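J.: after the sequence you'll find the predicted model.
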Amino acid sequence: MFKSTQIVIEEAIQSLGYPEETYELLKEPMRMFTVRIPVRMDDGNIKIFTGYRSQHNDAVGPTKGGVRFHPEVNEKEVKALSMWMSLKCGITDLPYGGGKGGIICDPREMSFRELEGLSRGYVRAISQVVGPTKDIPAPDVFTNSQIMAWMMDEYSRIREFDSPGFITGKPVVLGGSHGRETATASGVTICIEEAARKRGIQLEGAHVVIQGFGNAGSFLAKFMHESGAKIVGISDAQGAIYNSDGLDIEYLLDRRDSFGTVTNLFKNTITNEELLEKECDILVPAAITNQITMQNAKNIKASIVVEAANGPTTLEATKILTKRGVLLVPDVLASSGGVTVSYFEWVQNNQGYYWTEEEVATKMRKVIVDAFDKVHSASQKHQVDMRLAAYIVGVRRMAEAARFRGWV
Ligand code: GLU
């Protein structure tokens, strides 16, 4: 994942004609922190957790990106994720570079009190290197607005003043933005609409498979269902369900737990791998990395694949899908709705003046539609797939900013 990110960044820099030093600068994060976080667990013992924060590049502005709580978090993954954040911010023209954090833990097995201790401990460990004008965290896999609230409170206590702009994805009552919770799914929905338009596919009645039923997947299912599309398959970490007549989305949304698990209620489940190869028009991987690979890319039936997760398709699979004429909307474009509304949240915090849900939705639509158009035009102009096109668009601003600053 990290290596393939470097490969595409290098290709993008070459096709833009920037000098080799630009790639040398951007191929690794500028700063990477590893921290150890002691937490007193409910059984009275102290457990030491490992956390990371990667700051890819701050030539354009402060770094920005989520914090994930997951047992498989590792240094390389956090690095790659921070590079993708740089690209997302570049594509959507936000005044940020990319950052990302993660803690190795399983929040599904931790109590509320333990999670609070871990969240506060992480902020204490990184408080020197983050802040509203340095590096601004946000939610990611298995973190939510409650965790953002604890982190904001801890940071404000350390600084001894209220600092809502230190973190985004907060509850609305603490300076969160309307529309932030559903932002990733809204951004994906807009990308699906744009991609369908390019392909002449009618969304009304189109068959959609969504892999993953977490924050992005579940809201996306809701939005697509409301727009008249037929959701024929969904999945969670345990398995998947498929029905070509359409699933009862309202029931599924009602029954999912806070980690997006719902398939355990069904007897006739299939695997995640099987779901990806099922008949559909639009496939949305909204779960984890490396799901569409060299092995299954040739069996994907969808004509549009929109990556709501970070890194669900390998580079080899991207090539196979493109060759087969599948329109692939890459993660760095499709999942940029979250950081876009995070930016709006930060702006509102900085100015202390808050926008309505409609204002946020209108501003966001414009950002995502413009981003889609830019990437699509770049893919036509350079005759490359949408992933490389997205990297070309995303990397340009960083390269320019670093040049103006006299860094390379
Ligand atoms: N974690 C989200 C992402 O991967 C959102 C980041 C943010 O809001 O800063 O894009």
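T.: All right, it came through fine.

J.: quick one, helices of the stretch 201-350 of the chain?
T.: Along the stretch 201-350 of the chain, the stretches classed as helices by DSSP state H, counting those that start in this stretch are 215-226, 249-255, 272-276, 315-323, 331-334, 337-351.

J.: deepest-packed of those helices, please.
T.: When you average the neighbours per residue for each of the helices of the stretch 201-350 of the chain (mean count of other Cβ atoms under 10 Å), helix 331-334 leads with a mean of 30. Backbone N, C-alpha and C define where each C-beta goes, glycine included.

J.: now whatever residue of the stretch 151-300 of the chain ends up closest to the ligand. Its backbone dihedrals?
T.: Using Cβ to the nearest ligand atom, the closest approach of the stretch 151-300 of the chain to the ligand is made by residue 168 at 5.4 Å. Here is the backbone geometry of residue 168 (degrees, to the nearest 10): phi -120, psi 170.

J.: and if you look at residue 269?
T.: Dihedral angles of residue 269 (phi, psi; degrees, to the nearest 10) stand at phi -100, psi 160.

J.: circling back: tell me, how many residues neighbour the residue of the stretch 151-300 of the chain closest to the ligand?
T.: Residue 168: 30 surrounding residues under other Cβ atoms under 10 Å.

J.: measure the closest residue to it other than its chain neighbours to residue 188 for me?
T.: Closest residue in space to residue 168, ignoring its immediate chain neighbours: residue 342 at 3.7 Å, by Cβ to Cβ, 6 or more residues apart in numbering. Per Cβ to Cβ, to the nearest Å, residue 342 is found 15 Å from residue 188.

J.: that older thread, so how far is residue 135 from the residue of the stretch 151-300 of the chain closest to the ligand?
T.: Per Cβ to Cβ, residue 168 is found 12 Å from residue 135.

J.: surely the residue of the stretch 151-300 of the chain closest to the ligand touches residue 181?
T.: No. Counting by Cβ atoms under 8 Å, residue 168 does not reach residue 181; the two are 11.3 Å apart.

J.: show me what from the protein comes close to the ligand.
T.: By Cβ under 6 Å from any ligand atom, the part of the chain that sits against the ligand consists of 64-66, 88, 138, 140, 168-169, 310, 335, 338-339, 342.

J.: quick check: buried residues in the helix or strand residue 391 falls within?
T.: Residue 391 is located in helix 386-404, with elements delineated by DSSP states H and E. By 16 or more other Cβ atoms under 10 Å, the buried positions in helix 386-404 come out as 386-402.

J.: list the contacts for the nearest residue to residue 279 once chain neighbours are set aside?
T.: Leaving aside its sequence neighbours, residue 279 sits nearest to residue 301 (Cβ to Cβ, 6+ apart; 5.0 Å). Residue 301 makes contact with 277, 278, 279, 280, 283, according to Cβ atoms under 8 Å, 6 or more residues apart in numbering.

J.: between those, which has the most around it?
T.: residue 283 (29 neighbours).

J.: got the contact list for that one?
T.: When contacts are counted by Cβ under 8 Å, 6+ apart, residue 283 touches 208, 209, 211, 276, 300, 301, 302, 304, 305, 306.

J.: equivalent analysis for residue 320, please.
T.: 294, 297, 298.

J.: neighbour count and pLDDT added to the residues you listed, as JSON lines?
T.: As requested, these are exported to JSON lines (neighbours: other Cβ atoms under 10 Å; pLDDT from 0 to 100):
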{"residue": "294", "neighbour count": "12", "pLDDT": "97"}
{"residue": "297", "neighbour count": "22", "pLDDT": "98"}
{"residue": "298", "neighbour count": "12", "pLDDT": "98"}
